[in-house]
Each structure stands twice: as structure tokens, then as C-alpha cells.
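> Got a predicted model here, sequence first, then my questions.
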Amino acid sequence: MAKLRHLALSVKDLEESAKFYESAFGMERVRQSKVAIMLSDGVVSLALLHLRSNDNAPDERGPDYVGLHHMGFLVDDVPASSEAVEAAGGTYHGQILNVGGGPESERKYRDPNGVVIDVTSKAHADSSWRVPTDT
């Protein structure tokens, strides 16, 4: 069974947003880069993204977009789950560049409403989301 373990928000200010979630909800920083701060409550990961048109991975919704960027589901078998997503009406949307393990590790889809979904293996979740994957 797939488990929702990851939400990503596109935000205007990474540091301000991270401080809010740390202070308001006690979330902890587990990973950081120039375009993202990853927070976790120990079960679910919250990625704060600041992707603008001059970055390597701009948000296709434009440089001023703020809101839900995507959500990630932890699955036991990425290829089998990908088939189920496509059979249910999801469309392939690509992969994050430089993901170890390639398409066996992580794939992106759009649901019938256009919402982006990560379909992710335990190995990718352990290295990227930094949340427990055994529960």
C-alpha cells in the first residue's frame, strides 16, 4: 500500500517559511540546498522550494507561484505502482535530475487534475526525504 510521506510547497522566502514551520509545529530541518529546505516531523517530510525562472529547475507555473508544488507517495515497487497510476488515469511527468537509481527509484506523474505526484522507492525516500520508511 502506498503511503503519503512528502509534501512540497513553492514559497517566496525559504528561510522565513522554514522558521514558521519549525516554530509553529516543531518540525526539524533535515536537509538544505540553495533552492530547498527539507523539514520533517519524523513521519512526513515537508519540502519548501524556491524555484524561480533563473534556477536549474524552474517552476513551470511561473516565478511568482506560491502553493502546493507536488506530493510524494512511498511505494514498495515503483514500476508496478507506476503502471497502477497510469491505469487510473495519471500521466507521466518526468523525473528529478540526478536521482540515484533512475526510474526504478522515483517517477513523477500528474493526476487527472494536473497535480504532480512523486512515486518513490524506500531508497530514494531514505536519502531525500529523511523520514522513516519502515512504518
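Structure's in. What do you need?

> Let me see the mean pLDDT of stretch 15-30.
When pLDDT is averaged over stretch 15-30, the result is 94.

> what's the closest non-adjacent residue to Gly72?
His6 (3.1 Å; C-beta to C-beta, 6 or more residues apart in numbering). No exception for glycine: its C-beta is placed from N, CA and C like everyone else's.

> how far away is that neighbour from Asp118?
His6 sits 6 Å away from Asp118, going by C-beta to C-beta, to the nearest Å.

> show me where pLDDT drops low in this protein?
52-59, 97-103, 129-135 (pLDDT under 70).

> one more time with 80
51-64, 95-103, 125-135 (pLDDT under 80).

> what about the strands in it?
3-10, 28-32, 36-40, 45-49, 67-74, 91-94, 106-110, 116-120 (DSSP state E).

> Identify the residues contacting stretch 25-34?
18, 21-22, 37-42, 45-46, 128, 130 (C-beta atoms under 8 Å, 6 or more residues apart in numbering).

> what sits in contact with each of His6 and Asp118?
With C-beta under 8 Å, 6+ apart, His6 and Asp118 have common neighbours Met71, Gly72, Phe73.

> Dump these to CSV, plus distance to Val30 and neighbour count.
As requested, the shared contacts of His6 and Asp118 are exported to CSV (distance: C-beta to C-beta, whole Å; neighbours: other C-beta atoms under 10 Å):
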residue, distance to Val30, neighbour count
Met71, 18, 17
Gly72, 14, 27
Phe73, 19, 18
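
> Adding distance to Gly114 as columns, could you present the residues you listed in a markdown table?
Output for the shared contacts of His6 and Asp118, formatted as a markdown table (distance: C-beta to C-beta, whole Å):
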| residue | distance to Gly114 |
| --- | --- |
| Met71 | 13 |
| Gly72 | 16 |
| Phe73 | 17 |
